[in-house]
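J.: Predicted model follows, preceded by the sequence.
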Amino acid sequence: MVSQCVAIAFHPLWCYIFLNYYDLGITGIGIAGIITDLSVFLYNVAYSYNLRAIRSALFWPDSRCFEGVKEYLRLGLYSAFALGLDCWANALATFSAKYVSVEV
């Protein structure tokens, strides 16, 4: 949380620099957001690395990361399909509500 507060405290500065100094408009706001998010990530990695209790959980991705992916994908595809059906049903109900009249 401290790392997020530190990074977010600098966000108005990044916005000011990219909006007023470089005159980038909405693109400058996006760049400022990317810098803020990247700093939160880097602060969290540095903080996590300094905690001895979880230091062993930090590692660079390798082939071990992909063990068991097939099972996750099998469950994830069915869940994504079910979620898609739910969203499509809600959208269909919303669009069809246009044809329902209040008058009898």
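T.: On my side now, so go ahead. These numbers were taken from a predicted model, which means no experiment stands behind them. Residues are numbered from 1 along each chain as shown.
J.: remind me which residues of this protein are low pLDDT?
T.: Low-confidence segments of the chain, defined by pLDDT under 70: 101, 103-104.
J.: Centroid-nearest residue for it?
T.: Ranked by distance to the mean C-alpha position of the chain (Cα atoms, centre = their mean), the top residue is Asp37 at 9.6 Å.
J.: Which secondary structure element is home to that residue?
T.: Under DSSP states H and E, the secondary-structure element containing Asp37 is helix 26-50.
J.: The helix or strand hosting Leu73 packs against which elements?
T.: Per DSSP H and E: Leu73 is located in helix 69-96. Helix 69-96 is packed against no helix or strand, with contacts defined by 3 or more Cβ pairs under 8 Å, 6 or more residues apart in numbering; DSSP states H and E. Yep, even glycine has a C-beta here, placed from its N, CA and C like the rest.
J.: tally of neighbours for the closest residue to Leu19 other than its chain neighbours?
T.: Once flanking residues are discounted, Leu19 sits nearest to Gly28: 4.9 Å by Cβ to Cβ, 6 or more residues apart in numbering. With neighbours defined by other Cβ atoms under 10 Å, the count for Gly28 comes to 19.
J.: So Gly28 versus Glu67, what's the distance?
T.: Using Cβ to Cβ, to the nearest Å, one obtains 42 Å as the distance from Gly28 to Glu67.
J.: domain parsing for this structure?
T.: 1-57, 67-98 (automatic domain parsing).
J.: just the ones you listed: most buried one?
T.: A comparison of the domains of the chain by mean neighbour count, using mean count of other Cβ atoms under 10 Å, puts domain 1-57 on top with a mean of 13.
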